[in-house]
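Trainee: need a 3D model of the following:
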Amino acid sequence: KVIVIAATNREDILDPALLRAGRFDRRIQVDAPDLQGRIAILKVHAKNKKLAADVKLEDIAKITPGFVGADLANLLNEAAILAARKSSDTIVMEDLDEAVDKIGMGLGQKSKIIKPEEKKLLAYHEGGHAIMSELTPGADPVHKVTIIPRGDAGGFMMPLPEERIVMGSKQILAKIKVAFGGRAAEELVLDDISTGAYSDIKHATMLARRYVESVGMSKKLGPVNLENSDDEFSFVSNKSNETAREIDLEIRKILSEEYENTLNTLRENRDKLDRVAGLLLKKETITGDEVRKIIAGATIEEVLNGEKNTEEKEEQNSENNDNVQVDHENKQQENNQAEKKTDENSEDVLLENNAEETYLQSTEVAENIIENDNLEEIVKSEEVSDINEANQKDDEDENDSHFGDNDEVFTEEKEEKKIEIPNFMK
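Mentor: Predicted coordinates:
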């Protein structure tokens, strides 16, 4: 059996003959990972990288909706490169934030010279987005605001989007208000408008058209889908000229109303807009927490002093940690020296014990050798004694035999002598 597997990002344009039964009739939809999936993917790609204690992969996963596995792996690689450029082997949270901005918006141009009036315009433009994002019900909270040029953008406000399955009509209108925040702030403060709102207006128009045409949320036109045909080879509109005009008028009405609502909101919170813009002019990049502090009533000086105190606390904590680390290292060194000394004493005692044991063993061996030598001498002396006794016995036997022979000779001689006695002595 042969199994053919194929992948595509445009299932909508596949030939139906490929998708009928018996062919590519088993389809698996692989969507972009959700929040938990992105966290798990980041943990996998971060295993071989050294992360600082302030790194929170959960926060990075929250600001990267739509990122797939390859994007998240590239993000960590970019963060590692940024850390290496600073001669550091540890990735900090700042490196990851910068990597997200670089992948999403392009390389930051901190050295680019910006005129003061343009910098002020950028500060109020991005400040308007931030104020509307925090004050509009249904809008996503602010994650970061910057006026550092990046890519084609002079600055940007990064929201912290929530994972949603569906989107309500109020949320779509809230997105339109946030998109209009920059343009409305320019008109309110500078009495002029710039081309910097081009992408914002385009995005707001797209949302309004979707609101009216696609999802049928317009009260005037009702719940009807008025989109053009999905068939890309169709050149005929499915709407009459009158319907198309009503759609355009409804879209224009929605955009005009939401733009006016945005102007009114910024006008009522002008002091907060001024403080956010002033903080951006001083720092160029601010966090969502700092924006929320200003909206809560804090001044620029309080935010800066709070940041300074936080930095001092972090430095103090870092120094304390360094001192604790030094104390720990000194204590560890003392413990190592004590252990080393104990080991040396143990080695000396062990050497003494070994020497004593060796001496006892050698003494015992010597005694055994002496005892064995004595036993050998005793055995040898006994053997010699036995040999001597045996030799002596042999000699005695020989002597006895010799004496016996002599007796016989003597007897014979005596008998002969008896025979030789003279007659007169008989």
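
Trainee: how far away is residue 40 from residue 222?
Mentor: To residue 222, residue 40 is 43 Å away according to CB to CB, to the nearest Å. (Each C-beta comes from the backbone N, C-alpha and C, glycine too.)

Trainee: sketch out the low-pLDDT regions of the stretch 251-400 of the chain for me.
Mentor: 307-332, 335-336, 338-400 (pLDDT under 70).

Trainee: on that earlier part again, ok, residue 40 and residue 222, which is more surrounded?
Mentor: It is residue 40, of residue 40 and residue 222, that has more neighbours when counted by other CB atoms under 10 Å, with 14 against 8.

Trainee: mind listing what's buried along stretch 132-140?
Mentor: 132, 133, 134, 135, 136, 139, 140 (16 or more other CB atoms under 10 Å).

Trainee: pull up the distance across it, start to finish.
Mentor: 10 Å (CA to CA, to the nearest Å).

Trainee: which stretches in the stretch 51-200 of the chain count as strands?
Mentor: Using DSSP state E, counting those that start in this stretch, the strands found in the stretch 51-200 of the chain span residues 142-146, 156-159.

Trainee: could you dump these to TSV with mean neighbour count and distance to residue 303?
Mentor: Below are those laid out as TSV (neighbours: other CB atoms under 10 Å; distance: least, CB to CB, whole Å):
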stretch	mean neighbour count	distance to residue 303
strand 142-146	23	13
strand 156-159	22	17
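
Trainee: about what we covered before: and which of the buried residues of stretch 132-140 is nearest to residue 200?
Mentor: Taking CB to CB as the measure, residue 200 lies nearest residue 132 of the buried residues of stretch 132-140, at 10.9 Å.

Trainee: hmm, that closest one is touching residue 138, no?
Mentor: No. Checked against CB atoms under 8 Å, the pair residue 132 and residue 138 is beyond contact range at 11.4 Å.

Trainee: excluding sequence neighbours, find me the nearest residue to the spatially most central residue of the chain.
Mentor: The centroid of the chain falls nearest to residue 46 when counting by CA atoms, centre = their mean (3.4 Å). Spatial nearest neighbour of residue 46, excluding adjacent residues (CB to CB, 6 or more residues apart in numbering): residue 76 at 5.9 Å.

Trainee: from residue 92, how far off is the one you found?
Mentor: Where residue 92 is concerned, residue 76 sits at a distance of 13 Å (CB to CB).

Trainee: which of these two has more neighbours?
Mentor: Using other CB under 10 Å as the criterion, residue 76 and residue 92 rank with residue 76 on top: 23 against 18.

Trainee: all helices of this protein, in order?
Mentor: 16-19, 35-45, 57-62, 69-85, 93-105, 116-135, 169-190, 198-209, 241-268, 270-283, 288-295, 300-419 (DSSP state H).

Trainee: contacts for the first one, please.
Mentor: With contacts defined as CB atoms under 8 Å, 6 or more residues apart in numbering, helix 16-19 is touched by 23, 24, 25, 27.

Trainee: please repeat the previous calculation with a cut-off of 7 Å.
Mentor: 24, 25 (CB atoms under 7 Å, 6 or more residues apart in numbering).

Trainee: repeat that for stretch 262-273.
Mentor: Contact partners of stretch 262-273, identified using CB under 7 Å, 6+ apart, comprise 124, 127-128, 131-132, 135, 177, 180-181, 184-185, 188, 294-295.

Trainee: that one: end-to-end distance?
Mentor: 13 Å.

Trainee: any buried residues in that stretch, and which?
Mentor: So, applying 16+ other CB under 10 Å, buried residues of stretch 262-273: 262, 263, 265, 266, 269, 272, 273.

Trainee: picking up where we left off before, between the strands of the stretch 51-200 of the chain, which one is closest to residue 300.
Mentor: strand 142-146 (14.0 Å).

Trainee: and the angle for that closest one with helix 116-135?
Mentor: 180 degrees (axes from the mean of the first three to the mean of the last three CA atoms, to 10 degrees).

Trainee: so what does strand 142-146 touch, helix or strand wise?
Mentor: helix 116-135, strand 156-159, strand 285-287, helix 288-295 (3 or more CB pairs under 7 Å, 6 or more residues apart in numbering; DSSP states H and E).

Trainee: could you rerun that using 8 Å?
Mentor: Helices and strands touching strand 142-146, by 3 or more CB pairs under 8 Å, 6 or more residues apart in numbering; DSSP states H and E, are helix 116-135, strand 156-159, helix 270-283, strand 285-287, helix 288-295.

Trainee: with distance to residue 195 added, can I get these in CSV?
Mentor: Below are these laid out as CSV (distance: least, CB to CB, whole Å):
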stretch, distance to residue 195
helix 116-135, 11
strand 156-159, 15
helix 270-283, 19
strand 285-287, 23
helix 288-295, 25
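
Trainee: hmm, which two among the buried residues of stretch 132-140 are most spread apart?
Mentor: 135 and 140 (12.5 Å).

Trainee: report the two of the contacts of stretch 262-273 separated the most.
Mentor: Farthest pair in those, by CB to CB: 180 and 294, 20.6 Å.

Trainee: which of these two has more neighbours?
Mentor: residue 180 (28 against 25).

Trainee: surely that one meets residue 203?
Mentor: No. In this structure, residue 180 is not within contact of residue 203 by CB under 8 Å, at 9.7 Å.

Trainee: report how many residues lie close to residue 237.
Mentor: Residue 237 has 11 nearby residues by other CB under 10 Å.

Trainee: can you tell me the closest non-neighbouring residue to it?
Mentor: Using CB to CB, 6+ apart, the closest residue to residue 237 is residue 228 (6.2 Å).

Trainee: can you tell which of the helices and strands packed on strand 142-146 is closest to residue 36?
Mentor: Ranking the helices and strands packed on strand 142-146 by proximity to residue 36 (CB to CB) places strand 156-159 first, at 20.1 Å.

Trainee: who does the closest one pair up with?
Mentor: strand 142-146 (antiparallel) (DSSP bridges).

Trainee: for residue 12, find the nearest of the helices and strands packed on strand 142-146.
Mentor: strand 156-159 (29.4 Å).
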